[in-house]
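> the following comprises the amino acid sequence and a computationally predicted model.
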Amino acid sequence: MGKQFPKLLPEHHQFIARQHIFFTATSAGAGRINISPRGTDGLRVLGDEAVVYLDRTGSGNETAAHVRRDGRMTIMFCAVEGPPKILRLYGRGRIIARGGAEYAELLSNRFDGAEPPGVRKMVRLDFDLVQTSCGYGVPLFSYVGQRDTLDRWAAAKGKAGIEAYWQERNAVSLDGWPTGLDDLGDVRHD
């Protein structure tokens, strides 16, 4: 049932464009494995072998710590409406720091310059394997809309409140590994 491809085909691009949620999975070898749900409103397909997404503030920052330590990353999309399908992208993740030239260029050209409140960084995945499978076991759901809770929470905290939260809750992973946030919330590259 599963099929593998070295890059995205046109039908894969179309499938991703119809989805409303994706999941990131990372591991740093030892320690815990992390899986995080994310809305596709902050995801952009950069071509047939790369995607990037705006990483919003969360209760943790496991993806950043794992990508810094190991780099392995998988993104999974699964159809919860329409015909069943699962699509996974396997590759290496990379953190793109806020305030840097690459971040500014991507924000301008791929996100129309719009940065939602509380964005910590961008995460880019360069992948060398695309795998599709049936998705027959994925339940059907109806999409209602994006939640505005995170936007409201981040706006109420303000810039200083968000940066304080990052230092308190996002500076180290569950396993105690640094996530790359400095005291201004920017990501350092090792």
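Cool, the structure landed.
> contacts and neighbour counts: CA atoms only from here.
Fine.
> mind naming the longest helix for this structure?
helix 149-165 (DSSP state H).
> can you pull out the helices in the protein?
Listed in chain order, the helices of the chain (DSSP H) span residues 10-18, 62-69, 101-110, 149-165.
> buried set for the longest helix of the chain?
Asp151, Ala154, Lys157, Ile162, Glu163, Tyr165 (16 or more other CA atoms under 10 Å).
> grab the nearest non-local neighbour of the residue most central in space within the chain.
When CA atoms, centre = their mean is applied to the chain, the residue found nearest the centroid is Tyr53 (5.0 Å). Closest residue to Tyr53 apart from its sequence neighbours, by CA to CA, 6 or more residues apart in numbering: Leu43 at 4.2 Å.
> shouldn't that neighbour be in contact with Leu54?
Yes - using CA atoms under 8 Å, Leu43 is in contact with Leu54, at 6.7 Å.
> could I get the contacting residues of the residue nearest to Tyr53?
Val51, Val52, Tyr53, Leu54 (CA atoms under 8 Å, 6 or more residues apart in numbering).
> neighbours around the last one, how many?
Residue crowding around Leu54 was assessed by other CA atoms under 10 Å; the count is 25.
> could you measure from it over to Ala30?
Distance of Leu54 to Ala30, computed by CA to CA, to the nearest Å: 26 Å.
> flag the shaky bits of this protein, pLDDT-wise.
The model of the chain has pLDDT under 70 over residues 1, 182-190.
> quick one, strands of it?
Counting by DSSP state E, the chain has strands at residues 3-5, 21-28, 30-39, 43-45, 50-56, 72-78, 86-97, 119-133.
> angle of the longest one against helix 10-18?
Between the axes of strand 119-133 and helix 10-18, defined by axes from the mean of the first three to the mean of the last three CA atoms, to 10 degrees, the angle is 130 degrees.
> can you pull the buried residues of strand 119-133?
119-132.
> and these as JSON lines, adding distance to His12?
Formatted as JSON lines, those follow (distance: CA to CA, whole Å):
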{"residue": "Val119", "distance to His12": "27"}
{"residue": "Arg120", "distance to His12": "28"}
{"residue": "Lys121", "distance to His12": "26"}
{"residue": "Met122", "distance to His12": "22"}
{"residue": "Val123", "distance to His12": "20"}
{"residue": "Arg124", "distance to His12": "18"}
{"residue": "Leu125", "distance to His12": "16"}
{"residue": "Asp126", "distance to His12": "16"}
{"residue": "Phe127", "distance to His12": "14"}
{"residue": "Asp128", "distance to His12": "14"}
{"residue": "Leu129", "distance to His12": "12"}
{"residue": "Val130", "distance to His12": "9"}
{"residue": "Gln131", "distance to His12": "10"}
{"residue": "Thr132", "distance to His12": "9"}
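> ok, of those residues, which one's closest to Phe5?
Within the buried residues of strand 119-133, proximity to Phe5 (CA to CA) peaks at Val130, which comes in at 5.0 Å.
> ok, that closest one touching Leu87?
Yes - the pair Val130 / Leu87 is scored as a contact, 7.0 Å apart, by CA under 8 Å.
> with that, I have no additional questions.
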